[in-house]
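Peer 1: this one's sequence-less:
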């Protein structure tokens, strides 16, 4: 079982155990303070750490094509001598998948303590270029080949906070959430695709292997949303968070300040 599965299983067991205890207390007291749900949404990770996947970090695209066997494979594709021409610019993440569990416990009619445990999958995809001299026109402009470099990382974010309803929690209405959080991040993939040939910048046999790119960080945030009631047992939330996180991906990409990572989600709750 890898580290990510261990984190998720431990979190799930913890939430299940706490939920069971709270549910027993509710049953004994005749109340209904405990609730839980499922989150599904999207996150736009801050671009601060995205340059790690752009091919000019500790093992670069230039280093990759400097390996003779790889250079020869690319040469056989384009049939020309070539050089790295330009790295990507303005690197950023795409909107990523954000899934998880939600647990809450009402202290009174409008205030609850809550926890989220979310797993996030985010990606980058940028363009770099290689250039080659045209044998038919050696003194003219070089031939430019646009190529791709992609990155993928997994994150886990655990939030602990306070939920405040506007109005009656058993009816439709708005809410506010304030939370602190911890996160874990790990680089899963950093691949270069040149003329259909795919190479990893994280792992090159006998040359470069990096399996531990990532780390533990922390953060805080504020969220708001609207709760729509289905019936006495189920409700549906639509919300958004301004989540400020310190992401410890790699030494050169460890921000001192918290960086904004917007999140949007829908949530189904069992009350």
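Peer 2: Right, received. Where do you want to start? Keep in mind that what you see is a predicted model, and the values were worked out from it rather than measured.

Peer 1: can you pull the contacts of the spatially closest residue to residue 111 that is not a sequence neighbour?
Peer 2: By the measure of C-beta to C-beta, 6 or more residues apart in numbering, the closest residue to residue 111 outside its immediate chain neighbours is residue 164, 5.7 Å from it. For every residue, glycine as well, the C-beta is placed using N, CA and C. Going by C-beta atoms under 8 Å, 6 or more residues apart in numbering, residue 164 touches 110-112, 175-177.

Peer 1: ok, which stretches of the stretch 101-250 of the chain are strands?
Peer 2: 111-132, 143-165, 173-194, 197-200, 203-204, 208-209, 214-229, 234-246 (DSSP state E, counting those that start in this stretch).

Peer 1: what does the very next helix or strand once past the last one contact?
Peer 2: Moving toward the C-terminus from strand 234-246, the first helix or strand encountered (DSSP states H and E) is strand 259-270. When contacts are taken as C-beta under 8 Å, 6+ apart, the neighbours of strand 259-270 outside the stretch itself are 35-46, 48, 98, 102, 104, 219, 223, 227, 233-247.

Peer 1: just the buried residues out of those, in ChimeraX syntax.
Peer 2: Per 16 or more other C-beta atoms under 10 Å, the buried members of the contacts of strand 259-270 correspond to this ChimeraX selection:
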select :35,36,37,39,41,42,43,44,45,46,48,98,102,104,219,223,227,235,237,239,241,243,244,245,246,247
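
Peer 1: list the contacts for residue 179?
Peer 2: With C-beta under 8 Å, 6+ apart, residue 179 has these contacts: 114, 116, 159-162, 220-223.

Peer 1: among the contacts of residue 164, which one lies nearest to residue 75?
Peer 2: Nearest to residue 75 among the contacts of residue 164, counting by C-beta to C-beta, is residue 177 at 55.9 Å.

Peer 1: surely that closest one is in contact with residue 241?
Peer 2: Yes. Here residue 177 reaches residue 241: they are 7.4 Å apart, a contact under C-beta atoms under 8 Å.

Peer 1: give me the common contacts of those two.
Peer 2: Joint contacts of residue 177 and residue 241 (C-beta under 8 Å, 6+ apart) are 222-223.
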